[in-house]
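Asks: What follows is a predicted protein model with its sequence.
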Amino acid sequence: MPVLIKGAGVAGLATALELSRRGIAVEVVDAAETVGTGASTYAGGMLAAFCEREAGDEAVLMLGLSSADWWEEALPGAVFRKGTLVVAAGRDSGELDRFAARTRGYEWVGGNAIAELEPDLAGRFERALFFAEEAHLDPRKAMAGLYETLIASGVHFHLGCSDVPSDRSYAAVVECTGAAAIATTPGLRGVRGEMLFLETPEISLSRPVRLLHPRHPLYVVPREDHRFMVGATMIETDDDGPITARSLMELLNAAYAVHPAFGEARVVETGVGIRPAFADNLPRVLDRDDGFAIAGMYRHGFLLAPTMARQLAERLCAGEHPPFTPVFEEPAAADRHPSFRHGAIQ
């Protein structure tokens, strides 16, 4: 019998790939018509374990160190190993020292080195932290690539479905439903992340640039076609409404501080994603009556999904959960699967 994965976000697709690699038949169901909707589509795609250690637990660094290798193996050519550049305006230079004191894996670089790494930032910052081992990818392309890979591997998708197929039995069910699990998972909360896409041919960047600021830190991640993903807000709420005027203003001001050319850029897209998180902001593989769940990916979806998927696959293959055959005679399917709401958003 196959394993059913609920949710076609980054955690769901990474888990599908890990199980498929182990020869396990996999089916994926999601209420959305396409994969990678929700928070996955608004992610920065930074595989930045060292930078995330600054605000997170040591476990985030250790669990995320192999992430770039996993993605490169899964999607050859999709990972950009250009590192991360962390900068601060002169008046905020102390933020760099604070940042550096909380992590490792960096080298201090001065103005000349900054100009060599990012010519368009020449003369704008006196010193910076360069994390050469970090990488990034385009989340939307990664999701599409994983989907194609899984289809080619024989994984069957039920997209646009609000419930599991009623005529099927499964060895286990794996919930990767992202923020939809907040209502049913004790201790899980929502953290709102807001982003925007800017488009301008006036500036080129080769790698993610993080601007440290006492109140409005942000990151700028280059995409194709002169587009830049700008984000960083973390608001303690599960309100998934449109981006606020205040957040938009703060993100634009911070982007302008990175380079004035962003002041003339076009705002081509805004978005909001709700990141589910536990109190320690670390993800979990949870036991369920019918299988397992991956929950609490917080802001580390693309960084930590590979490790969480491997952990879940190892537990499943070790027989830690008995075979599961769902009962479909009752019509109230939504009541039997209360945590499956709107698909994966991580």
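Replies: Structure received. What you see is a predicted model, and the numbers here were worked out from it, not measured in a lab.

Asks: pLDDT below threshold where in the stretch 151-300 of the chain?
Replies: 165 (pLDDT under 70).

Asks: which stretches of it form strands?
Replies: 156-159, 172-175, 189-199, 209-212, 218-222, 227-231, 266-277, 284-288, 291-295 (DSSP state E, counting those that start in this stretch).

Asks: wait, which of those is closest to Ala254?
Replies: Of all the strands of the stretch 151-300 of the chain, it is strand 218-222 that lies closest to Ala254, at 4.3 Å by Cβ to Cβ. From N, CA and C alone the C-beta is placed, and that goes for glycine too.

Asks: Report all helices and strands that that closest one contacts.
Replies: Taking 3 or more Cβ pairs under 8 Å, 6 or more residues apart in numbering; DSSP states H and E as contact, the helices and strands that strand 218-222 lies on are strand 209-212, strand 227-231, helix 245-258.

Asks: what do you get if the cut-off is 6 Å, keeping everything else the same?
Replies: Here strand 218-222 touches strand 209-212, strand 227-231, going by 3 or more Cβ pairs under 6 Å, 6 or more residues apart in numbering; DSSP states H and E.

Asks: Those: which one's closest to Leu198?
Replies: Closest of those to Leu198 is strand 227-231, at 4.8 Å (criterion: Cβ to Cβ).

Asks: C-terminal to the strand or helix carrying Val60, what's the next element?
Replies: According to DSSP states H and E, Val60 maps onto helix 58-64. Going down the chain from helix 58-64, the next helix or strand is helix 67-74, by DSSP H and E.

Asks: Can you name every helix or strand that that next one contacts?
Replies: Judged by 3+ Cβ pairs under 6 Å, 6+ apart, helix 67-74 is in contact with helix 301-317.

Asks: one more time with 7 Å
Replies: The helices and strands touching helix 67-74, judged by 3 or more Cβ pairs under 7 Å, 6 or more residues apart in numbering; DSSP states H and E, are strand 46-47, helix 139-152, helix 301-317.

Asks: what's next to that helix, contact-wise?
Replies: 17, 47, 49, 78-79, 81, 135, 137, 142, 146, 149, 303, 306 (Cβ atoms under 7 Å, 6 or more residues apart in numbering).

Asks: Val209: neighbour count?
Replies: Other residues near Val209 come to 25 when the count uses other Cβ atoms under 10 Å.

Asks: now swap in Cys317 and tell me
Replies: By other Cβ under 10 Å, 13 other residues sit near Cys317.
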